[in-house]
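S.K.: Turn this into a model:
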Amino acid sequence: MPRHISASSLTSVALLALVLGGCTTNAATRLAELGEVPAMTKITDPTKEPGYQPVSMPAPTNEPTVHQSGSLWVTGARAFFKDQRAKAVGDVVTVTISINDSAKLQNETQDNRNDTNNSGITNFLGFETQLAKILPKAATPSSLINTSTVNASDGKAQINRQEQVTTTLAAIVTQILPSGNMVIVGKQEVRVNYDVRELQMTGIIRPTDIDQLNTVSYDKIAEARISYGGRGRQSDIQQAHYGTQLLDIVNPF
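M.R.: The predicted structure follows:
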């Protein structure tokens, strides 16, 4: 006889397949690196990475270039012979990242409400006498409605956050926008024992914000995306197992 599979069993199988499908690649990589240091990624063209999309921004009005006759200086140059700052696709620019951010918020909302309502009809064209005939034991015309409501709520929220990241990263110019601004992409990996620390950033900079040392500060980067994390044994220990993460997502309690 054919066996009937319950809905709960199908749900369990589906969840198990979802977990196994999502962690197969990562688990295979960890098994391949068992007892070894995590492998570092190869240096590749960031514009060839999966999911890369060129940035499109509004372009300003073109202004004619003014040439001074007899002048040896180039417009926008800061050196007599050649400007050493990044200005073309493929050039390298140094980004200084110094994030020291802290926030502390505390909110409290209290609400108290006490309502009491009394209503009765002692005389209504003589119809009040009919209530005693319809409901002889439950109807009192002088006290038809008597309600009392008490409601109290107290909500509190507190946030105390502090972040500090200080580092320097070399980025590559990957695109020149019509406005003259440049799109930069940078990635850095540092392996310490059995853990790899990764620093990635991307954003848009103005050529005028690059100083004489070919350096730009992170607070002058528009649409900045900075990611700092890691992978390896230490990162694995700091994360819960897949089963625990799945239970945290689907557990309604």
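S.K.: Quickly find the element holding Val93.
M.R.: strand 92-119 (DSSP states H and E).
S.K.: What helices and strands are in contact with that strand?
M.R.: Contact here means 3 or more Cβ pairs under 8 Å, 6 or more residues apart in numbering; DSSP states H and E; on that basis strand 92-119 packs against strand 145-176, strand 182-192, strand 195-205, strand 215-217. C-beta coordinates here come from the backbone N, C-alpha and C atoms, glycine included.
S.K.: For the ones you listed, give me CSV that also has distance to Gln110.
M.R.: As requested, the helices and strands packed on strand 92-119 are exported to CSV (distance: least, Cβ to Cβ, whole Å):
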stretch, distance to Gln110
strand 145-176, 5
strand 182-192, 49
strand 195-205, 44
strand 215-217, 44
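S.K.: Let me know which of these is the nearest to Ala59.
M.R.: Checking the helices and strands packed on strand 92-119 against Ala59 by Cβ to Cβ gives strand 145-176 as the closest, at 11.4 Å.
S.K.: and the closest one, which residues are buried?
M.R.: Buried residues in strand 145-176, counted by 16 or more other Cβ atoms under 10 Å: 167, 169, 171-174.
S.K.: any chance of the helices and strands packed on strand 92-119 in CSV, plus mean pLDDT and distance to Tyr228?
M.R.: Listed next are the helices and strands packed on strand 92-119 as CSV, based on pLDDT from 0 to 100; distance: least, Cβ to Cβ, whole Å:
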stretch, mean pLDDT, distance to Tyr228
strand 145-176, 82, 6
strand 182-192, 91, 10
strand 195-205, 90, 5
strand 215-217, 94, 17
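S.K.: Just give the number of residues close to the closest residue to Val93 other than its chain neighbours.
M.R.: Nearest non-adjacent residue to Val93, counting by Cβ to Cβ, 6 or more residues apart in numbering: Ala86, 4.0 Å away. Around Ala86 there are 22 other residues, counting by other Cβ atoms under 10 Å.
S.K.: quick one: Ala86 from Met57, how far?
M.R.: 18 Å (Cβ to Cβ, to the nearest Å).
S.K.: same check, this time on Thr47
M.R.: Counting by Cβ to Cβ - Thr47 and Met57 are separated by 17 Å.
S.K.: hang on, the earlier thing: mind listing what's buried in the strand holding Val93?
M.R.: 93-97.
S.K.: same check, this time on stretch 237-249
M.R.: For stretch 237-249, burial by neighbour count (16+ other Cβ under 10 Å) applies to Leu246.
S.K.: coming back round to it: ok, the residue nearest to Val93 touching Met182?
M.R.: Yes - assessed by Cβ atoms under 8 Å, Ala86 is found in contact with Met182 at 7.1 Å.
S.K.: Just give me the residues shared between the contact sets of the two.
M.R.: In terms of Cβ atoms under 8 Å, 6 or more residues apart in numbering, Ala86 and Met182 are both contacted by the residues 93, 173, 207.
S.K.: Make sure Leu246 is indeed in a strand.
M.R.: No - assessed with DSSP: H, G, I helix; E, B strand; the rest coil, Leu246 is helix; it does not lie in a strand.
S.K.: how is the protein carved up into domains?
M.R.: Using automatic domain parsing, the domain parsing of the chain gives 75-103+162-250, 105-158.
S.K.: Mind putting these into JSON lines with distance to Gly51?
M.R.: As requested, the domains of the chain are exported to JSON lines (distance: least, Cβ to Cβ, whole Å):
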{"stretch": "domain 75-103+162-250", "distance to Gly51": "12"}
{"stretch": "domain 105-158", "distance to Gly51": "34"}
